[in-house]
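> Provided below are the primary sequence and the corresponding predicted coordinates.
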Amino acid sequence: MSGFLFQAFIYLIAAVIAVPIAKRLGLGSVLGYLIAGIVIGPLLGIVGSETMSIQHFAEFGVVMMLFLVGLELEPRALWAMRHRLLGLGGLQVFGTIAAVTAVGMLFGLGWTVALAVGLVLSLSSTAIVLQTFNEKGLMKSDGGQAGFSVLLFQDIAVIPMLALLPLLALPELLNIISGAASGSSHDAELSLVAGLAGWQVALVTTGAVAAVVGGGHYLSRPLFRFIAGSQLREMFIATALLLVIGIALLMTLVGLSPALGTFLAGVVLANSEYRHELESNIEPFKGLLLGLFFITVGAGINFAILFGDFAMIIGLSIGLIALKAFIFWCLAVMFKLKGADKWLFTLGLAQAGEFGFVLLSFAVKSSVIPVDLSQTLLLVVAISMLLTPLLFIFFDNFILPRMDQGQQRKTDEIDTKGAIIIAGAGRFGQVVNRMLRSNGFETVVLDHSAETIDHMTLFGVKAFFGDPSRPDLLHAAGINDAEMLVIAIDDQDRALEMVKHVRMDHPNLHIVVRAYGRNDVYDFYAAGANDIIRETFDSAVRAGRSALESLGVHPHEAEKISRAFVKSDQDMLRQMAGVHDPDLPSSQNPEYVALAKEVMQQQEEAMQGSRARQSGSQDRAWLPPETANKILSKEIEE
Amino acid sequence: MKTLVLYAHPRQQHSNVNAAMSKAAQSVDGVSFVDLYARYPRQNIDIDYEQKQLLEHDAVVFQFPLMWYSTPSLLKEWQDLVLEYSFAYGEGGDSLSGKLWINAVTVGAPESAYGSKSHNKYSLAEFLSPLKATANLCHMPYLAPYTLFSSLNLAGSETMKDHAYGYKTMLEALCADKFDIKASQKPDLLFAADIPALINEASS
């Protein structure tokens, strides 16, 4: 137990110290994690060989990340990018394999070894690239989308590569390690498809994929509704984790990539009203696991081998980056990426990736690559990943400033499509939503009642499940890009908390909030809400106006009276706000009570029409000259 | 002839003459009397409803106190919204063709305040010419406005009673098709005293 706690402590403290410093220095979180890993690993020697097993565990962060990426990508969007996926991705993978294989054979490797090295190095790092794209908000840019297409294709390509590698086995290696390897590698793996005929494997595999798609489509909704009914947040987190882990497990059992499976599940759930809730629940796990993964990459660098042949390994790493970058650059030109997008695509993906580690260890196990070569390659892969954040810094500081402004502005416009978040879809929020949507504004509706969400979905309104007063859910719903937040939840204390924390992070966001009574208005005002609407005030004024009309007051007169009332009430509210003490109930605040009495007295007099000079009074309107004269002279007499 | 009275007065509790005129108008069978400020206290004029109502009548009387040489604002809004292109004027806009346009206006200042040599520089008929032009564009015959000058502080006076009675007589004659339309288009303005001479007994 203490050993586990010590390890967790070391990893966490390294991350907590290194990542904020790296971010402050503009190096990005990925480089921060990598440095943290190097410090606790090869530099200080606090962690050692166990990093490899932790790395396998941490690779699950990649699976989660692809689930989240899938959530952001509706099936329609995925279909729309099929040409890029196959064209860009396919050409990149095959082009890089061919180039690396050729270089390997020039260095005197056998063709099978060279081809295996090509497979290993053709992949880029989904973890680093997507994390960095998201961090820098480049995901929706042209270059970001192209990069994503390639990464997605690579993640899919890993599966046939794993199938292909054993065919390249070297007979002499096979003889040396066959005794040791065959005993340990196979029996540990559970599999549903082991020992089945080819058509049966195909059937089971297809069935598994169909189960993910069909289950995601038809079973997720009742499941989530059932869980939401328990009103326990941790149950929802558990369900979200169960979903991701379950799918990953199923995919592993049928021999498919778990990353691919969860990505598929994410795409299926992208239309779900529980999407933002899922996102906000998985997000922290993904972030921590990926962080852990990067730490293990840093920690796993073998300094002895590195310094033993420093020039060669660094040379190979830089050569690899240059070669991959060149292929990306050719593709960027072919697919007409322009300006900053072209360079983002070229430099961003030029490293080798975490799947390279997987392929490498598999290749060694399958007797394809000799162990000493794999040690060198491991370092090349790790160092190329280590250099990637530097390439991004280069991109930020040297490429972006040189690109013409027009290009940048164009991508900006697409990115900042600010939506309006409506928190709370009760009777109040629904009216606001309908008015905004019917006038062409994009809204994201959040509500903590699964029943309300179902009801709205029934009527074709897009709404998402989740407690909107939680900052992480607002984040998942896109508060960073939002133009406006409408808070229409019942609980006034939570609404106030929301205004406070949202205002702190987003000083320029327009906040419309529904208030119950006067005291709430004062609180919301102090917290920085822009528009504060008392939920019953307008209807009460209308009821008063109706009553006046029924009592024989001319409708136009009743309208003027109610307008004057609204104005004087708002004036009063403004005056009273000055003496409001948030820590004191207004009935116990003597200053408040005294002013309230005074203002109400004024108000009554004004409403009775005895004071025409009272601004806002309805009495000055449309007076015939002589009547105005009379009222004026009476005023002077007073 | 079905007659519609559209009454526009934003401050009715300070009104004497218009109140008496409204009462008189409402007592005439066949007159549809509408208090526009009561129907649309929030200026939310229902265009379709107003147009349909116009189609159901043959004469439209606009009853209002003169405000800044013009109609009260709601009546201007009514014109802006209801007299639409393709309905009241322009291509296919002949729905109001042949219906009568009659102003019934009360004016606070005395008659001497109007005319080229007065301090107002123009005659009342000239001030009302935008309404006449509007009627013209809508192919609506325009009658001389039924007018009362010095209309303030007349509560209970004979002048007020005479004016309201003349108004009532005019509306009754319109409804009964006994009003001499041709003759009532000739003068610049019509007064209560002119009404009896315009009743055409022969046509009934």
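Looks like it arrived, so ask away.
> please enumerate the strands of chain B.
Ranges of strands in chain B, per DSSP state E, are B:3-7, B:31-35, B:59-65, B:100-106, B:146-148.
> for those strands, which one sits closest to A:Ala423?
Closest to A:Ala423 of those, according to Cβ to Cβ: strand B:31-35, at 44.5 Å. Where you see a C-beta, it was placed from the backbone N, CA and C, and this is true even at glycine.
> quick one: contacts for the residue of the stretch 251-400 of chain A found nearest chain B?
Using Cβ to the nearest Cβ, the single residue of the stretch 251-400 of chain A nearest to chain B is A:Glu273, 36.6 Å away. Contact analysis of A:Glu273 by Cβ atoms under 8 Å, 6 or more residues apart in numbering or on different chains lists A:221, A:453, A:457, A:462-465.
> biggest separation within the residues you listed, which pair?
So, the contacts of A:Glu273 by Cβ to Cβ: farthest apart are A:Arg221 and A:Lys462, at 14.1 Å.
> let me know the distance separating the residue lying closest to B:Ser112 once chain neighbours are set aside from B:Glu111.
Spatial nearest neighbour of B:Ser112, chain neighbours left out: B:Ser118 (6.3 Å); criterion: Cβ to Cβ, 6 or more residues apart in numbering or on different chains. As defined by Cβ to Cβ, to the nearest Å, B:Ser118 lies at a distance of 9 Å from B:Glu111.
> surely A:Leu264 is within a strand?
No. A:Leu264 is assigned helix when assessed by DSSP: H, G, I helix; E, B strand; the rest coil, not a strand.
> for the residue lying closest to it once chain neighbours are set aside, report the pLDDT, please.
In this structure, A:Leu264 finds its nearest non-sequential neighbour in A:Val212, 5.7 Å apart by Cβ to Cβ, 6+ apart. Looking at A:Val212, its pLDDT is 86.
> quick one: secondary structure of A:Val212?
Using three-state DSSP, the structure places A:Val212 in helix.
> can you pull the residues of chain B lying near chain A?
For chain B, the contact set with chain A under Cβ under 8 Å from any Cβ of the partner chain comprises B:10-14, B:37-39, B:41-42, B:67, B:72, B:108, B:152-153.
> of all those, which two lie farthest apart?
Farthest pair in those, by Cβ to Cβ: B:Arg42 and B:Asn153, 31.2 Å.
> closest one to A:Val499 among the strands of chain B?
Set against A:Val499 and scored by Cβ to Cβ, the strands of chain B come closest in strand B:31-35, at 45.5 Å.
> tell me which residues are up against that closest one.
B:2-7, B:9, B:12, B:22, B:25-26, B:53, B:56-57, B:171, B:175.
> give me the element A:Leu260 is part of.
Using DSSP states H and E, A:Leu260 sits within helix A:258-269.
> how about that helix as CSV, C-alpha atoms only?
C-alpha atoms of helix A:258-269 as CSV (Å, rounded to 0.1, in the frame of the first residue of the first chain):
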residue,chain,number,x,y,z
PRO,A,258,-10.0,-0.4,-28.5
ALA,A,259,-9.3,3.2,-29.5
LEU,A,260,-11.2,2.6,-32.7
GLY,A,261,-14.2,1.0,-30.9
THR,A,262,-14.5,3.8,-28.4
PHE,A,263,-14.1,6.3,-31.1
LEU,A,264,-17.0,4.6,-32.9
ALA,A,265,-19.1,4.7,-29.7
GLY,A,266,-18.3,8.3,-29.3
VAL,A,267,-19.5,9.1,-32.8
VAL,A,268,-22.7,7.2,-32.2
LEU,A,269,-23.3,9.1,-28.9
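> give me the mean pLDDT for that helix.
84.
> helices or strands up against it?
Helix A:258-269 makes packing contacts with helix A:60-71, helix A:75-80, helix A:142-164, helix A:198-214, helix A:233-253 when contacts are defined by 3 or more Cβ pairs under 8 Å, 6 or more residues apart in numbering or on different chains; DSSP states H and E.
> can I get those in a markdown table with distance to A:Ser539 and mean neighbour count?
Compiled in a markdown table, those are given as follows (distance: least, Cβ to Cβ, whole Å; neighbours: other Cβ atoms under 10 Å in any protein chain shown):
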| stretch | distance to A:Ser539 | mean neighbour count |
| --- | --- | --- |
| helix A:60-71 | 40 | 25 |
| helix A:75-80 | 42 | 12 |
| helix A:142-164 | 48 | 21 |
| helix A:198-214 | 47 | 14 |
| helix A:233-253 | 34 | 18 |
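> between these, which gets the lowest average pLDDT?
With a mean of 79, helix A:75-80 has the lowest mean pLDDT of these.
> which helix of chain B spans the most residues?
The longest helix of chain B (DSSP state H) is helix B:158-175.
> okay, now A:Val193: neighbour count?
Here the count is done by other Cβ atoms under 10 Å in any protein chain shown, and A:Val193 has 18 residues near it.
> got a list of what residue 151 touches?
I'll assume chain A. Counting by Cβ under 8 Å, 6+ apart, A:Leu151 makes contact with A:124, A:126, A:129-130, A:349.
> that's the wrong chain, I meant chain B
Counting by Cβ under 8 Å, 6+ apart, B:Ser151 makes contact with B:16-17, B:65, B:106-108.
> and it, how far from A:Ile128?
B:Ser151 is 86 Å from A:Ile128, by Cβ to Cβ.
> neighbours of A:Ala15, how many?
Neighbour count of A:Ala15, defined by other Cβ under 10 Å: 21.
> correct me if wrong: it contacts A:Ile295.
Yes. A:Ala15 is within contact range of A:Ile295, at 6.5 Å (criterion: Cβ atoms under 8 Å).
> who touches both of the two?
Joint contacts of A:Ala15 and A:Ile295 (Cβ under 8 Å, 6+ apart) are A:33, A:36.
> helices of chain B, start to end?
B:17-26, B:36-39, B:47-55, B:73-82, B:124-127, B:129-137, B:158-175, B:181-184, B:195-198.
> just confirm A:Arg514 is within a strand.
Yes. Using three-state DSSP, the assignment for A:Arg514 is a strand.
> quick check: it vs chain B, distance?
23 Å (Cβ to the nearest Cβ, to the nearest Å).
> ok, that residue touching A:Val431?
No. Here A:Arg514 lies out of contact with A:Val431, judged by Cβ under 8 Å, at a distance of 10.5 Å.
> between those two, which one's more packed in?
A:Arg514 (25 against 11).
> let's see the pLDDT reported for B:Trp68.
Listed pLDDT for B:Trp68 reads 94.
> return the backbone torsion pair for it.
For B:Trp68, the backbone dihedrals are phi 50, psi 50 (criterion: degrees, to the nearest 10).
> more neighbours: which of A:Arg221 and A:Lys462?
A:Arg221 (19 against 15).
> for A:Met484, find the nearest of the strands of chain B.
For these, the distance to A:Met484 is smallest for strand B:31-35, at 41.0 Å, taking Cβ to Cβ.
> hang on, A:Lys336 is in a helix, isn't it?
No. With three-state DSSP as the criterion, A:Lys336 is located in coil rather than a helix.
> what count of nearby residues applies to it?
Neighbour count for A:Lys336, taken as other Cβ under 10 Å: 9.
> return the distance of it relative to A:Ala77.
Applying Cβ to Cβ, the value for A:Lys336 to A:Ala77 is 20 Å.
> make JSON lines out of the contacts of B:Ser151 and add neighbour count, pLDDT and distance to A:Asp538.
Shown next, in JSON lines, are the contacts of B:Ser151 (neighbours: other Cβ atoms under 10 Å in any protein chain shown; pLDDT from 0 to 100; distance: Cβ to Cβ, whole Å):
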{"residue": "B:Asn16", "neighbour count": "18", "pLDDT": "91", "distance to A:Asp538": "36"}
{"residue": "B:Val17", "neighbour count": "23", "pLDDT": "95", "distance to A:Asp538": "37"}
{"residue": "B:Pro65", "neighbour count": "23", "pLDDT": "96", "distance to A:Asp538": "32"}
{"residue": "B:Thr106", "neighbour count": "24", "pLDDT": "96", "distance to A:Asp538": "37"}
{"residue": "B:Val107", "neighbour count": "21", "pLDDT": "95", "distance to A:Asp538": "40"}
{"residue": "B:Gly108", "neighbour count": "17", "pLDDT": "91", "distance to A:Asp538": "37"}
